[in-house]
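[1] Provided below for reference: sequence and predicted model.
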Amino acid sequence: MSLTDVLKNWIVSELSQPDKSVNGNALCPFAKNAWFANKVKVREEKDDLWDAVYEEIQSFDDTYQVVICASYTHKQSYDDLEASCFALNGWLAATGHNIWLLAFKEKKLSMVFIQRLTDIDNASAKLEALGYYSNYEDQDYQRLVKHRRDRRKCYEETNA
């Protein structure tokens, strides 16, 4: 099965389904629409995943809402992949880049999602109004939502 088929199946069968952990909302309510509107670019990387991420950040031009850099050979653990994204998100915001990186790892597949910081933060605010985060532990909310909002403030102050 190709990576594109794997991602399509994941989006349709898992991310778009209601889940009690997010108050009955889909795990990622925007994924299916973006996928079927051809607003997702998938880049399968066989060499260095971070080189691909860097190249995609440099060329990000809103042709796509999301660029997914993925690798079956990348060796970082999920925790290290996420920590790398968090560190880069801080640097991107502080240097005036409207980019947000999100890590995901499923078995041997490592992925870094590249999106506009402002777009994902606006979408998050809409989800919060629907109670999406009501079942989150406080530390998860702080790490995933509040942290991103703080980075957005940093980005906006840098670009003021």
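    That came through fine.

[2] for the longest helix along the chain, name the packing helices and strands.
    Ranked by residue count and defined by DSSP state H, the top helix of the chain is helix 78-94. When contacts are defined as 3 or more CB pairs under 8 Å, 6 or more residues apart in numbering; DSSP states H and E, helix 78-94 sits against strand 100-106, strand 109-115, helix 117-129, helix 147-158. For the C-beta atoms, the positions are set from N, CA and C on the backbone; glycine is no exception.

[3] 7 Å instead?
    strand 100-106, helix 147-158 (3 or more CB pairs under 7 Å, 6 or more residues apart in numbering; DSSP states H and E).

[4] would you point out which residue is most central in the chain?
    Nearest to the mean C-alpha position of the chain, by CA atoms, centre = their mean, lies residue 102 at 3.4 Å.

[5] so what pairs up with that residue in the strands?
    residue 113 (DSSP bridges).

[6] distance of it from residue 149?
    Using CB to CB, to the nearest Å, residue 102 is found at 15 Å from residue 149.

[7] one more: residue 66?
    Distance from residue 66 to residue 149, by CB to CB: 19 Å.
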